[in-house]
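Colleague: sequence unknown, structure follows:
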């Protein structure tokens, strides 16, 4: 079994989901008392969040690179960056690490193409939805057409992530608004929706929606188990 390095804490609410899914899936596949071999570095999210909203991505990249190097030195065989938004700095990690970064957009893109999806909605932070580091990878590598919510809906999705979900707050009114946003994406032709923030699954877990939901946290974690046991 390969040793999985997790760079988490962004937020720690969703990092818990990674830990649970990884261990449950290894036990499901191997049986008995098996569990995943994991090295976890959980960062303090507050300074990272401030750098995000100030647009100081290079500074954030240097912090996470040093943390990722700690996992590499500790013996991780490959790395999970347990956040969609911070994959904006994935090229820095890929350039300077000697271990593989299992990119979250690749895991999602492969799952969608496997299921025959070609037109997909994307929910996430404003950075993930509006900038092209995530959408372009899905479009260019997996030939997906990616739809994002329109202005006010994008702002709402972003606000709920930072003001509620990252703080462990799940409100039914926010859940219902997300479901209405998914309905609008369906009306525009989306065949499925990517929950492209690792916290959104905490809000919509088990909630019936008008489209299939691809929870990036779950998809990423399952891809990591496949890589670890390959």
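Modeller: It's in. Since the model is a prediction, treat every value here as computed from it, not as a measurement. Residues are numbered from 1 along each chain as shown.
Colleague: farthest from the middle of the chain: give me that residue.
Modeller: residue 32 (29.2 Å; Cα atoms, centre = their mean).
Colleague: mind checking how far that one is from residue 21?
Modeller: According to Cβ to Cβ, to the nearest Å, residue 32 stands 19 Å off from residue 21. For the C-beta atoms, the positions are set from N, CA and C on the backbone; glycine is no exception.
Colleague: next: residue 95.
Modeller: For residue 95, the distance to residue 21 - Cβ to Cβ - is 28 Å.
Colleague: now the end-to-end length of stretch 111-127.
Modeller: End-to-end distance for stretch 111-127: 22 Å, by Cα to Cα, to the nearest Å.
Colleague: now do that stretch: distance to the chain's middle.
Modeller: 12 Å (Cα atoms, centre = their mean, to the nearest Å).
Colleague: list the buried residues for that stretch?
Modeller: 111, 112, 117, 120, 121, 122, 123, 124, 125, 126, 127 (16 or more other Cβ atoms under 10 Å).
Colleague: domain assignment for the protein?
Modeller: Split into domains by automatic domain parsing, the chain comes to 4-103+219-229, 105-216.
Colleague: redo these as JSON lines? Include mean pLDDT.
Modeller: Output for the domains of the chain, formatted as JSON lines (pLDDT from 0 to 100):
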{"stretch": "domain 4-103+219-229", "mean pLDDT": "98"}
{"stretch": "domain 105-216", "mean pLDDT": "97"}
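Colleague: so what's the nearest residue to residue 124 once chain neighbours are set aside up against?
Modeller: Of all residues beyond its chain neighbours, the one nearest residue 124 is residue 196 (3.5 Å), with distances taken as Cβ to Cβ, 6 or more residues apart in numbering. Going by Cβ atoms under 8 Å, 6 or more residues apart in numbering, residue 196 touches 84, 108, 122, 123, 124, 128, 129, 134, 216.
Colleague: tell me where the protein has helices.
Modeller: Secondary structure of the chain (DSSP state H): helices at 12-30, 45-54, 57-74, 90-96, 104-114, 126-130, 132-142, 151-163, 172-187, 200-204, 216-229.
Colleague: to residue 2, which of these lies closest?
Modeller: Closest to residue 2 of these, according to Cβ to Cβ: helix 216-229, at 4.3 Å.
Colleague: list the buried residues in the closest one.
Modeller: 216, 217, 218, 219, 220, 221, 222, 223, 224, 225, 227, 228.
Colleague: quick one: distance of it to the chain centre.
Modeller: For helix 216-229 - counting by Cα atoms, centre = their mean - the centre lies 11 Å from the chain centre.
Colleague: thank you, goodbye.
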